[in-house]
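Chemist: what follows is a protein structure lacking sequence information:
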């Protein structure tokens, strides 16, 4: 297990390095001058030259990359041009709000997704299963920004039940939470349902029945544990996507998290904040995946003990 | 050209290993020395039976001979040419004469092709063997030869039963007019009644076409039935080799004796002197075989010497070769008269 | 004579498939006495495993359904009782060992827990007691260092050891009938010998009745008292082991015997059964073996043969063949 | 019947041993096949309708992205405009017909979707074949790259790159291709890995077949169905992703508004003109549902093992 953990951690570090490199490359290799990009089209040549000097853009790419890596390790992403403060600090300040949203969505997604998936599998091809499947299809086919707008239209504008945006109490979390959770619910329903249907045909389920265990025990003890293994992996990946998806939901609901900051910074060309935000989310994603790997190993002894 | 005395296939000190990767993590978990130092000769027109349990390396040996698995070292001489050093064009020419019948009649036929396409694929790949305008006729001939209805050439594999599919597999193997056919558990997946049909078919084909067979199986009675000579493998090594008669009536290696005695026979009362030897323990993992003699962990004769010194395959009793420090004829013949 | 422990009468099982309905088991009847071993023999699709699944209430539902007959265990008809009711007999009265021990063990639970589960869930034993009993059982079925291996997972065992674990689970609650469905087919010959020896030993020790399902006429020869051959879902021959093997009453049994290459004696050309097994979808009201049979006459194509006594031992040996008498007295080839 | 073999990996054929049925969950199988066919026909019809509308719609109903008609602003669906035609789906904040915008948007969305699919598909399938068939360092490099790529939630990567490149149709295609090739690469690779050592491929190999023959005759034909399934499902995803980018103002430029743009514009008029956001959203959802249903139906038909994808 230790060796397994070590390998996974090493991989996480590797992946983070990859993410940092991608951000660097995208910023430096796209057509156009980053300084120009940052300062906008009405900047003077002098201003651009000064910024180039300041950013080290005149040096060879490899050197720039080295400097960049050094800065990243020290969590130094420079200052925000808009707020004149530490970019990463700014992003970190907003992060708890995004996390709050993602955690709520995750909770809703896991509970609804898995339980509806189990219902679908146990009632396969009957009415309940069909209703669940249609719900899953709708949830994954409707654009979340549009669903968010529809929620606002119905629950805030028409019914006046809930606030249309901003952050604050529980009532302001409900709509963005559900909006963010819908695609996740859809994926988990499908995965749970098909996973359980596969597992139920495994020979060890027959063994459990041959032992005289009740059908309830057979399903909830022997089948679900096995069906959960792929769900854990996907749920982990999806948590990362929630962090990304939060960008859209935060925009729709004016939720002042990292995503909102990201979009605002993009339109303001505040690139230091943009990369800080991107890397922070990637970092969160990698950490979550590490946790999932560990959990995965716990759930599946074939991995934990190495085959 | 080779003289009649030369073996058609001659394998010398062949080693093949492959890395084991865990399926989920893609990391190397070790290497299996699947075939470690195997030598044998197969004369033209004869059948060499290769028996062994799982992990004995018999399938890897077959795959190495036919070129599906790269060997580490050793020689595979076919018709006097070393297949492992032969240059490209000559190698293709030589390989064409070695064909294989696979174990699983379901997995070994491409489900998307008709029987005619499956068989004629050999000629598509090797232009010049049969001109295209003769394909249809040749396919019909081959189908008839293996006992199938020639009118079924346009059918797909799923329209045939297991035994019929195996006949299609045999027809495909014959398409290039090979001299050596490797049968890798070719009848193991078949029901007994169908297995007998296919065994008879193979015997007929050998008589008609003068084929040599390298016949791999775990079923000893099948191997006895079809083979002229038999090699017994255990954990990547040949432990005993001789004529079928020698191996089945006078086995000298303890493993061969145990293996023979473990085969269930339908009428045990007909041979009351038959005594079952029940071996202790499991076959060790081929990833970490025991030192010295690989069979010693399950052998009732094992002594200190067996752990330190590996017995070579040699003729110690003046009859046939075995790889045991203490070979002796069984008190009661395992398969008796 | 006492009532048999298990009595199957006219059991019929149908499967609905994409292509239509298949009668996988067709009016199968047999009795099993206490302590007796019955071998059910047959090739692929003969219905032998489906019979076992029906006995254990494990037919894949709703595709497979019992379409008729009775399964009387210890005086009660299992088919007349609700499924949840008969399920409770599994493990304590009827137990089963499956063909593939790896896929038959749950990969995510320790073997000790999987064995101990029987005591915990069925006998209300405590965790530590169940564990102790699991170790005892593992020891009994010949797993070395049981106390150390009790916390291992199935994938850490070899094929033979896994099958021993399966056997330990099957005998844990001392069932009266043990059904072993091809218990050694996935194992190597030397390991097969070990497992068969273990089964024979346990059977004697616990006075269990056993149903041994196999495609291999040799494997069962060492342990079975009686054999029953199935072909195309029907019983074609049944009787004492030696009666059936020596004075064979059905051409199919005879053909099987002649198809097996011998391990000793002269090597002769095999005499296989011609043709292939019938399509279960297109069974007619005739003898299913008729197209492959060398004894077939007109009646075989029109009338389904019932089991009838074979002359030498009419009280116990029966074959479903219009020409059973002829077959039994004809000289057996080979 | 299953007998011991010298397989290193466990094979899962034992289930098929003696039971005459496939292990499939039952129910009247024939009706299911019929339902499957019905699903394919229905979803294809919906998709075809959109394609036709996208092709000929803008010809019939002219849309000018820069035109304004202040007199016709925010008119509800069904209003007869002064220009003489009826705005079936109402008008937007500058007096443009919402239906005309949607028809134009369908053109953009479907074009972007198809272009992305082709680009991502070609790159992904090529990478997947290379990684799966040749293995070794190439496989390691490509798959690590895919892993790293997956550490970015794809929408985030798209947002990032789009924000640097700026809005344009071509950029959207590039951005979405970058975040979608991985799916194709992974599916292709696993297919190739599963196929390249199958017995029937080995059998062809022993006939002397070279790589090109194996690839084109044995391996590729067996891969088409699963790749088709993935492509269908992905097309829906790509169209959604494009709409999301456009919604954020990072997708297509204002001169070629897509559905996402229209929905975003309508946000500010939710209280007095609900239709601007609502109706294009429904239109978009129906198209994506069409692809979803089609993908599911194709998968059930060709390759049920992809179910958990």
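Modeler: Perfect, thanks for sending it. Computed from a prediction, not measured in an experiment: that's the story for all the values here.

Chemist: tally of neighbours for residue C:164?
Modeler: If you count neighbours by other CB atoms under 10 Å in any protein chain shown, residue C:164 ends up with 24. Heads up, the C-betas are built off the backbone N, CA and C, glycines and all.

Chemist: touching, it and residue C:195? I think so.
Modeler: Yes: using CB atoms under 8 Å, residue C:164 is in contact with residue C:195, at 7.2 Å.

Chemist: buried residues, stretch C:237-244. List them.
Modeler: For stretch C:237-244, burial by neighbour count (16 or more other CB atoms under 10 Å in any protein chain shown) applies to C:237, C:238, C:239, C:241, C:243, C:244.

Chemist: so where is chain D shaky, pLDDT-wise?
Modeler: D:1-33, D:65-66, D:151-152, D:303-309 (pLDDT under 70).

Chemist: which parts of it are strands?
Modeler: Counting by DSSP state E, chain D has strands at residues D:79-80, D:86-87.

Chemist: adding distance to chain B, write these out as a markdown table.
Modeler: Shown next, in a markdown table, are those (distance: least, CB to the nearest CB, whole Å):
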| stretch | distance to chain B |
| --- | --- |
| strand D:79-80 | 57 |
| strand D:86-87 | 53 |
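
Chemist: now, of the ones you listed, which is deepest in the fold?
Modeler: Most buried of the strands of chain D by mean neighbour count (mean count of other CB atoms under 10 Å in any protein chain shown) is strand D:86-87; its value is a mean of 17.

Chemist: so what strands line up beside it?
Modeler: With DSSP bridges as the test, strand D:86-87 is paired with strand D:79-80 (antiparallel).

Chemist: contacts for stretch B:198-214 next, please.
Modeler: B:8-9, B:42-48, B:50, B:62, B:65, B:145-147, B:163, B:166-167, B:170, B:174, B:177-183, B:186-187, B:190, B:222, B:225-226, C:261, C:269-270, C:272 (CB atoms under 8 Å, 6 or more residues apart in numbering or on different chains).

Chemist: re earlier: nearest to residue A:36, out of the strands of chain D?
Modeler: Evaluated over the strands of chain D, closeness to residue A:36 peaks at strand D:86-87, with 42.9 Å, by CB to CB.

Chemist: can you give the contact residues for the closest one?
Modeler: For strand D:86-87, the external contacting residues (CB under 8 Å, 6+ apart) are D:72, D:75, D:77, D:78, D:79, D:80, D:81, D:97, D:98, D:99.

Chemist: now stretch D:280-290
Modeler: Contacts of stretch D:280-290 (CB under 8 Å, 6+ apart): A:137-138, A:141-143, A:146, A:149-150, D:43, D:46-47, D:50, D:98, D:101-102, D:105-106, D:109, D:236, D:239-240, D:243, D:259, D:262-263, D:266.

Chemist: re earlier: which one of the buried residues of stretch C:237-244 is nearest chain A?
Modeler: Using CB to the nearest CB, residue C:238 comes nearest to chain A of these, at 25.2 Å.

Chemist: ok, residue C:36 - contacts?
Modeler: Residue C:36 neighbours (CB under 8 Å, 6+ apart): C:209, C:210, C:225, C:226.

Chemist: chain D contacts on the stretch 1-150 of chain B?
Modeler: B:20, B:23, B:32, B:53-60, B:66-68, B:92, B:95-96, B:98-100, B:102-104, B:107-112, B:121-122, B:124-126 (CB under 8 Å from any CB of the partner chain).

Chemist: tell me which of the contacts of stretch D:280-290 fall in helices.
Modeler: The helices, defined by DSSP state H, take in A:137-138, A:141, A:146, A:149-150, D:43, D:46-47, D:50, D:98, D:101-102, D:105-106, D:109, D:236, D:239-240, D:243, D:259, D:262-263, D:266 from the contacts of stretch D:280-290.

Chemist: sorry, back to before: out of the contacts of strand D:86-87, which are buried?
Modeler: With neighbours counted by 16+ other CB under 10 Å, the contacts of strand D:86-87 contain buried members at D:72, D:75, D:77, D:97, D:98, D:99.

Chemist: the residues you listed into TSV, with extra columns for distance to residue D:166?
Modeler: TSV is the format used below for the buried ones among the contacts of strand D:86-87 (distance: CB to CB, whole Å):
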residue	distance to residue D:166
D:72	32
D:75	34
D:77	35
D:97	29
D:98	27
D:99	29
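
Chemist: of the contacts of stretch B:198-214, which count as buried by neighbour count?
Modeler: Burial by neighbour count, judged by 16+ other CB under 10 Å, picks out B:8-9, B:42-48, B:50, B:62, B:65, B:145-147, B:163, B:166-167, B:170, B:174, B:178-183, B:186-187, B:190, B:222, B:225-226, C:261, C:270, C:272 from those.
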